[in-house]
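Novice: Below: sequence and its predicted model.
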Amino acid sequence: MPTTRLHFIRHSEAFSNVPHDGRVVSGMRGDKGLTPRGVAQVERLRDRLLATGELVADVVRASTLLRAWQTAEILAPAWDTPIIPDDDLHELRPGASDGLSVEVARERYGNVDFNQEAYRPKSPGGEIWGQFVLRVGTMLDRVTRDYAGKTVVLITSGGVIHATFLVFFSMHTLLPPAAWFATENASTTTWEQRPWRNQPSVWTLLRYNDTSHLNDR
């Protein structure tokens with residue numbers, strides 16, 4: 001079976017990542033894009049990739065959330081291939097609270113804990129955790145089938161990268177895991193599908209949360 005490699009890049013620092021007065025729920029409506037610091041972070045990643053050539057890509061796909069799409073546009077010179085928009089690379093979809101201030105959203109819809117209320121979304125029309133992981137798993141299956149034997153770069157949000165662990169390790173997906181992840185902004189994570197022992201294909205984690213380009217920040 002041909003080797004398929006998936007490089008995940010988390011968007012760099014966005015306004016939605018920085019606690020501040022008036023911070024809004026950042027789905028498609030509320031996303032304000034990257035901070036100046038975030039732009040500098042992803043520029044450093046771009047320069048690293050141009051210098052090393054370490055992420056040679058057959059295909060580049062990116063979330064259409066502003067923070068991820070801006071990240072992809074800055075990184076574009078690193079690859080000689082167009083960026084393909086992919087809505088399935090979105091972070092968990094918040095629903096009706098999208099674009100509201102965090103304080104107003106909490107007052108209006110409460111503070112939902114998926115560990116306690118697995119079937120209640122953050123606000124009407126939003127995804128529950130299980131739906132989110134199912135979407136990510138379906139996206140991973142589609143990408144793997146469509147680009148079998150190729151190297152694919154996927155520019156996305158932290159939650160999508162977290163969900164890959166649940167999908168590839170066949171973990172319980174209805175509730176969030178008991179332990180969490182620390183996926184940093186502008187980081188790279190790589191999974192590879194390849195034969196192993198007597199199995200035709202196994203997903204192997206080659207690296208997680210690589211931010212060496214930011215070491216002297």
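Specialist: Received the coordinates, thanks.

Novice: what about the helices in this protein?
Specialist: Per DSSP state H, the chain carries helices over the ranges 36-52, 66-75, 102-109, 129-146, 158-168.

Novice: Need the contact partners of the longest one.
Specialist: Looking back up the chat, that one is helix 129-146. Contacting residues not belonging to helix 129-146 are listed as 4, 6, 61, 86, 88-89, 92-93, 114, 118, 127, 152, 154, 159-160, 163-164, 166-168, 173-176, 193 [C-beta atoms under 8 Å, 6 or more residues apart in numbering]. In short, each C-beta sits where N, CA and C put it, glycine included.

Novice: show me what contacts Trp180?
Specialist: Trp180 neighbours (C-beta under 8 Å, 6+ apart): His162.

Novice: just Phe165 next, same as before
Specialist: Contact analysis of Phe165 by C-beta under 8 Å, 6+ apart lists Met171, Pro177, Phe181.

Novice: Model confidence for the residue nearest to the last one when sequence neighbours are not counted, exactly?
Specialist: The shortest distance from Phe181 to any residue that is not its chain neighbour, by C-beta to C-beta, 6 or more residues apart in numbering, is 4.7 Å, and that residue is His162. Looking at His162, its pLDDT reads 97.

Novice: do the same with the one 5 residues further on
Specialist: According to the predicted model, the pLDDT of Val167 comes to 97.

Novice: likewise Trp196?
Specialist: At Trp196, pLDDT is 80.

Novice: Spatially nearest residue to Trp191 (excluding sequence neighbours)?
Specialist: Nearest to Trp191 is Leu6, by C-beta to C-beta, 6+ apart, at 4.8 Å.

Novice: my guess is the one you found contacts Leu154, does it?
Specialist: Yes: between Leu6 and Leu154 there is a contact under C-beta atoms under 8 Å: 6.2 Å.

Novice: residue boundaries of the strands in this protein?
Specialist: 4-10, 59-62, 83-85, 151-156, 188-196, 199-210 (DSSP state E).

Novice: Turn those into TSV, columns for distance to Leu140.
Specialist: TSV is the format used below for those (distance: least, C-beta to C-beta, whole Å):
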stretch	distance to Leu140
strand 4-10	8
strand 59-62	12
strand 83-85	15
strand 151-156	9
strand 188-196	9
strand 199-210	9
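
Novice: nearest to Glu43, of those?
Specialist: strand 4-10 (13.3 Å; C-beta to C-beta).

Novice: Neighbouring strands of that closest one in the sheet, and parallel or not?
Specialist: strand 151-156 (parallel), strand 188-196 (antiparallel) (DSSP bridges).
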